[in-house]
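Peer 1: sequence unknown, structure follows:
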């Protein structure tokens, strides 16, 4: 039986390093004792015949002290132990739940007894025996054979206190998942969201594709890239900041509906809502426009919420967010007029828009035009006031270099953002498909942003692709990490990324 204290030492707990070293040494001794008896503490495989949930489903309603005659082989971690001598009990936990191991000294083989003697909490164990109910009526395995599948050399955190030190939770996510049920809940939601999005896109007849992560130049967004060098080709490359330009080239190539769930990288700041490495879904639909994009965005997010949580209302801090459709579609310039008390437009003299920014405490750079200033006002005074989903439509061309201009206003783009709880969740637009205009925008953007690492150079390969003809196309990007934050009701992006970026551990 285990001789460890009830609250084993792990990083973040109060026990001293010396105590932890003693516990690890004792576990190593037990591991070595198995090896000395010819019992491999790390075997290569185990043939499990049943999961805990399956056994409970198959043997419901049994009375106490029943022998079913069914022999099962189960496997999982030991998460609780009690008793000693002639009768011992343990809780074995697998991905579906837990089942009790009932171990009678008279029933155990010699090797099973040796494994039992060497077993500690956290060990991976295989057990074989008859499915029975105990005298208290609990479904159990009356163990005849016991197998050590992996000897855990470090004790797990105490299940009542968990792993609470924040940096350690992120750095040792594997332990966090074992110790904190809520962390497991969050990532179960994440995986369900991604699976649902894939299924929904397939139902919409989209084809999932993959585009380069290493690119000759980063494009598709304004962001500072991570740079690297390819020794084989002796060229400089960027980690992608967005897959947009490659996806639209596939539409040119005849794939009329494409999407990618992409890992993107931006060499920028870290806070509760931003991570240098993040996940987004981008999708492009030929013959569509921004209205089709908003329709699709709504269907995807509502479908993912229902599939992953079974509900459409969520608590974020002290606010309740209701995703029940339909969602309103409001024009940016109308909202801004109501907020600042005057109509603004990208054609306004820049001094006039700067004055409005100053009135509302919005900082700006002297190189920004009126369109960029309007966007900054939106970001500062409109976006934070949004709680329930709203599509905000119509953004200046100055901040939308890849979007088609509105039919009735060449300075405004057919672009929308889906805003929820003061955050942008979706960015989408009718795609610019006029090669010469796109080339001119690239050139103007590069000239205005000369020396700015966030501004990519003109992408001649993309313009050449447009010259082969891009049909009218609707595009959108959904921030999956932010969506999971909402659906899991957590407020830090690092809580929804399995292994977030951290500084290296100090030696």
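Peer 2: Perfect, I can see it now. In this text, all values refer to a predicted model and were calculated from it rather than measured experimentally. Residues are numbered from 1 along each chain as shown.

Peer 1: which residue packs closest to residue 102, ignoring adjacent ones?
Peer 2: Leaving aside its chain neighbours, residue 102 sits nearest to residue 140 (4.3 Å; criterion: CB to CB, 6 or more residues apart in numbering). Using the backbone N, CA and C atoms, a C-beta is placed for each residue, glycine as well.

Peer 1: which residues in the chain form helices?
Peer 2: 17-36, 52-58, 110-117, 166-171, 173-179, 181-203, 244-252, 290-309, 332-340, 350-359, 370-377, 435-448, 460-467, 480-488 (DSSP state H).

Peer 1: For the longest one, which helices and strands make contact with it?
Peer 2: Secondary structure elements in contact with helix 181-203, counted by 3 or more CB pairs under 8 Å, 6 or more residues apart in numbering; DSSP states H and E, are helix 173-179, strand 207-208, strand 257-265, strand 277-286, helix 290-309, helix 480-488.

Peer 1: And for the residue nearest to residue 102, the neighbour number?
Peer 2: 21 (other CB atoms under 10 Å).

Peer 1: what sits opposite it in the beta ladder?
Peer 2: residue 100, residue 132 (DSSP bridges).

Peer 1: so what's it up against?
Peer 2: 89, 99, 100, 101, 102, 131, 132, 133, 134 (CB atoms under 8 Å, 6 or more residues apart in numbering).

Peer 1: And the residue nearest to residue 279 when sequence neighbours are not counted, how far from residue 410?
Peer 2: Using CB to CB, 6+ apart and skipping residues adjacent in sequence, the residue nearest residue 279 is residue 480, 4.4 Å away. In this view, residue 480 and residue 410 are 34 Å apart by CB to CB, to the nearest Å.

Peer 1: Settle it for me: which of these two has more neighbours?
Peer 2: Counted by other CB under 10 Å, residue 480 and residue 410 do not tie: residue 480 has more neighbours, with 22 against 12.

Peer 1: Next up, the contacts around the residue nearest to residue 314 when sequence neighbours are not counted.
Peer 2: The shortest distance from residue 314 to any non-neighbouring residue, by CB to CB, 6+ apart, is to residue 321 (4.9 Å). By CB under 8 Å, 6+ apart, the contact list for residue 321 reads 313, 314, 315, 387, 388, 389, 420, 421, 486.

Peer 1: Measure how buried residue 31 is and give me the count.
Peer 2: Count around residue 31 with other CB under 10 Å applied: 21.

Peer 1: Could you count how many residues lie near the nearest residue to it once chain neighbours are set aside?
Peer 2: Leaving out its chain neighbours, the residue that sits closest to residue 31 by CB to CB, 6+ apart is residue 151, at 4.3 Å. By other CB under 10 Å, the residues close to residue 151 number 22.

Peer 1: circling back to that earlier point, tell me which of the helices of the chain sits nearest to residue 146.
Peer 2: helix 110-117 (3.8 Å; CB to CB).

Peer 1: Quick one: work out the angle between that closest one and helix 17-36.
Peer 2: Interaxial angle of helix 110-117 relative to helix 17-36 (axes from the mean of the first three to the mean of the last three CA atoms, to 10 degrees): 180 degrees.

Peer 1: got the contact list for helix 110-117?
Peer 2: Contacts of helix 110-117 (CB under 8 Å, 6+ apart): 1, 30, 33-34, 37, 39, 88, 103, 105, 108, 125, 143-148.

Peer 1: buried ones in that helix?
Peer 2: Neighbour-count burial for helix 110-117 flags 111, 112, 114, 115, 116 (criterion: 16 or more other CB atoms under 10 Å).

Peer 1: Please convert those residues to TSV, extending it with distance to residue 43.
Peer 2: Output for these, formatted as TSV (distance: CB to CB, whole Å):
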residue	distance to residue 43
111	12
112	14
114	14
115	11
116	16
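
Peer 1: Packing partners of the worst-scoring helix or strand of the chain on mean pLDDT?
Peer 2: Lowest on mean pLDDT, DSSP states H and E among the helices and strands of the chain sits helix 166-171, with a mean of 82. Judged by 3+ CB pairs under 8 Å, 6+ apart, helix 166-171 is in contact with helix 173-179.

Peer 1: What's the mean pLDDT across the helix it packs on?
Peer 2: The average pLDDT within helix 173-179 is 89.

Peer 1: Ok, stretch 205-215 next?
Peer 2: 97.

Peer 1: neighbouring contacts of it?
Peer 2: 198, 201-202, 228, 230, 237-240, 243, 246-247, 250, 255, 257-263, 265, 283, 285.

Peer 1: and the protein, what are its domains?
Peer 2: The chain resolves into domains spanning 17-160, 190-213+242-327+388-495 when parsed by automatic domain parsing.

Peer 1: Now do the end-to-end distance for the last one.
Peer 2: Same thing as domain 190-213+242-327+388-495. End-to-end distance for domain 190-213+242-327+388-495: 11 Å, by CA to CA, to the nearest Å.

Peer 1: Check stretch 267-274 too.
Peer 2: First residue to last in stretch 267-274 (CA to CA) measures 11 Å.
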